[in-house]
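Undergrad: give me a 3D structure for the following:
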Amino acid sequence: MPTLYVATQGARIRKTSRRLLVSTDDAVLHSVRLRDVDRVVMAGSVELTSPALRALLEGRIETTFLSRGGRLLGSLSPPGGKNVFLRVAQVQRYTNLEFRLRVGKSVVAAKILNGRRVLQLFGRRRKELDLSATKAALESSAHKAAHAESVAQLMGIEGEAAATYFRAFGNLFLGDLRFETRSRRPPRDPVNSLLSFGYTLLTGETIGAAFSEGLDPDVGFLHELSYGRPSLALDLVEEFRQPVVDRFVLSVINRRVIRPADFTTEGEGVLLQDRPRGRFFEFYDRVMTSEFRDRSGQTVTYRSLLRAQARQMARAVMNNEDYLPYRIP
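TA: Modelled structure (predicted):
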C-alpha cells in the first residue's frame with residue numbers, strides 16, 4: 001500500500017466517510033481511501049484533524065511528523081506487540097556489553113561493505129574513475145570492524161570508513177550538483193540536504209518497524225542511549241543508508257530529477273523547496289516499494305526488508321542470537 005506524503009504548507013488532513021481528504025483553503029489536493037494507505041508523512045505546517053488522527057490510529061496507520069526542513073519531529077504509531085518480556089530482554093541486552101559489541105560489529109561491517117558495493121555499482125558507469133584503493137580500504141575497514149574489541153573502537157572504525165566512502169562518493173555525481181563532504185544540522189549544500197532528508201524518512205519508517213515488532217526504538221546497541229534519540233532505529237537504519245538513500249540521491253541528481261534551482265538557502269542551511277519535495281517523495285516511495293531479489297533469491301522490497309530486519313532483531317534480542325544485517329546483492 002502507498003504512503004501519503006503531505007508537504008504543502010497550510011494543508012489540512014481530515015476524514016470524510018472512509019477517506020482521507022487533503023485540502024487547502026482553495027482546493028482539494030488529494031482524496032484517498034483509508035484502506036489504501038499504510039503510512040502518512042507530514043512535513044512542515046500541515047494540520048491533522050482529530051477525526052483523521054483517530055482514524056489513523058484505528059486503522060493502524062503509521063504517521064511521521066517532519067519539520068519543513070526535513071528534521072524528524074516524531075512518529076505516531078499504533079500499539080506495538082504485547083510481549084513485555086521482549087522489552088525487558090531488550091534492556092537486559094543493552095547492559096550486556098558482549099551482546100552490544102556482537103550486534104554492533106555485524107551492523108558496522110555490513111554498512112561499510114554496502115558502501116563499497118554502491119561505489120562498485122555506480123563506478124562501473126564512470127570508467128575514468130579508479131576506485132580500487134578506496135574499495136580496498138573499505139574492505140580492510142570492514143575486517144577491522146568485525147574484529148573490534150569495544151563499541152568505542154567500533155565507532156571509531158565506522159567514522160574513518162565513512163570519511164573514506166564519502167570522499168569517493170562525491171566523484172559519482174554528474175552535472176551541476178556536487179558533493180564535497182558530509183554536513184548536517186544544517187546541511188550546507190543540496191546533496192547533503194537530500195541525504196539528510198532521505199535518512200530522516202528512513203528513520204521514521206524504522207521507528208514504525210521497531211514498534212510493530214514490539215521493540216523499543218529508543219534502546220539500541222550500537223548507538224548509545226541519549227535523551228530523545230531513537231537509538232535502536234538508528235542501529236537498524238545503518239545497513240540501509242547506502243542501499244536506499246545514497247543510491248537514490250545519486251540517481252535523482254544524475255538523472256536531473258532534482259536540479260540546482262530546486263533548493264533554497266535558509267540561514268546556514270540548504271533546503272529542498274516545497275514543489276520539488278513532492279517529486280522527492282514520489283521517487284523515494286518508488287524505491288521503497290519496487291520489488292527485487294535479495295541474496296537468497298526471495299522477492300522483496302526495501303519496505304518489507306525494514307520490517308524483516310526489525311523482526312530478526314527482536315529474535316536476536318529475545319534469544320541472545322546473532323543479528324544478520326542486510327547486504328546489497
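
Undergrad: show me where this protein has helices.
TA: Along the chain, the segments classed as helices by DSSP state H run 50-58, 84-94, 97-123, 132-146, 151-169, 190-212, 231-238, 247-254, 274-289, 302-319.

Undergrad: any chance of the ones you listed in CSV, plus mean pLDDT, distance to residue 265 and mean neighbour count?
TA: C-beta coordinates here come from the backbone N, C-alpha and C atoms, glycine included. As requested, these are arranged in CSV below (pLDDT from 0 to 100; distance: least, CB to CB, whole Å; neighbours: other CB atoms under 10 Å):
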stretch, mean pLDDT, distance to residue 265, mean neighbour count
helix 50-58, 90, 34, 15
helix 84-94, 94, 41, 15
helix 97-123, 95, 28, 21
helix 132-146, 95, 31, 17
helix 151-169, 94, 22, 18
helix 190-212, 92, 10, 24
helix 231-238, 97, 27, 24
helix 247-254, 93, 18, 20
helix 274-289, 89, 15, 17
helix 302-319, 95, 31, 19
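
Undergrad: I figured residue 72 hits residue 205, correct?
TA: No - using CB atoms under 8 Å, residue 72 is not in contact with residue 205, being 10.8 Å away.

Undergrad: which residues are common contacts for those two?
TA: By the contact definition CB atoms under 8 Å, 6 or more residues apart in numbering, residue 72 and residue 205 are jointly contacted by residue 64.

Undergrad: contacting residues around residue 18?
TA: Neighbour list for residue 18: 33, 34, 35 [criterion: CB under 8 Å, 6+ apart].

Undergrad: now the buried members of those residues.
TA: For those, a burial check counting by 16 or more other CB atoms under 10 Å picks out residue 34.

Undergrad: burial of the nearest residue to residue 300 once chain neighbours are set aside, as a residue count?
TA: Leaving aside its sequence neighbours, residue 300 sits nearest to residue 294 (CB to CB, 6 or more residues apart in numbering; 5.1 Å). Number of residues near residue 294 (other CB atoms under 10 Å) recorded here: 15.

Undergrad: do the same with the one 3 residues further on
TA: Counted with other CB under 10 Å, residues neighbouring residue 297 total 7.

Undergrad: out of the contacts of residue 18, who's nearest residue 66?
TA: Using CB to CB, the shortest approach to residue 66 within the contacts of residue 18 belongs to residue 34, at 21.5 Å.

Undergrad: hang on, the earlier thing: can you say which of the helices of the chain is nearest to residue 223?
TA: Residue 223 lies closest to helix 231-238 among these, at 4.1 Å (CB to CB).

Undergrad: just to revisit the earlier point, let's have the helices of the chain in JSON lines, adding distance to residue 9.
TA: Shown next, in JSON lines, are those (distance: least, CB to CB, whole Å):
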{"stretch": "helix 50-58", "distance to residue 9": "18"}
{"stretch": "helix 84-94", "distance to residue 9": "38"}
{"stretch": "helix 97-123", "distance to residue 9": "34"}
{"stretch": "helix 132-146", "distance to residue 9": "41"}
{"stretch": "helix 151-169", "distance to residue 9": "32"}
{"stretch": "helix 190-212", "distance to residue 9": "16"}
{"stretch": "helix 231-238", "distance to residue 9": "27"}
{"stretch": "helix 247-254", "distance to residue 9": "22"}
{"stretch": "helix 274-289", "distance to residue 9": "6"}
{"stretch": "helix 302-319", "distance to residue 9": "27"}
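
Undergrad: find the residue at the geometric middle of this structure.
TA: residue 202 (2.0 Å; CA atoms, centre = their mean).

Undergrad: any idea of the pLDDT on residue 186?
TA: pLDDT, residue 186: 85.

Undergrad: excluding sequence neighbours, find me the nearest residue to it.
TA: In this structure, residue 186 finds its nearest non-sequential neighbour in residue 269, 2.7 Å apart by CB to CB, 6+ apart.
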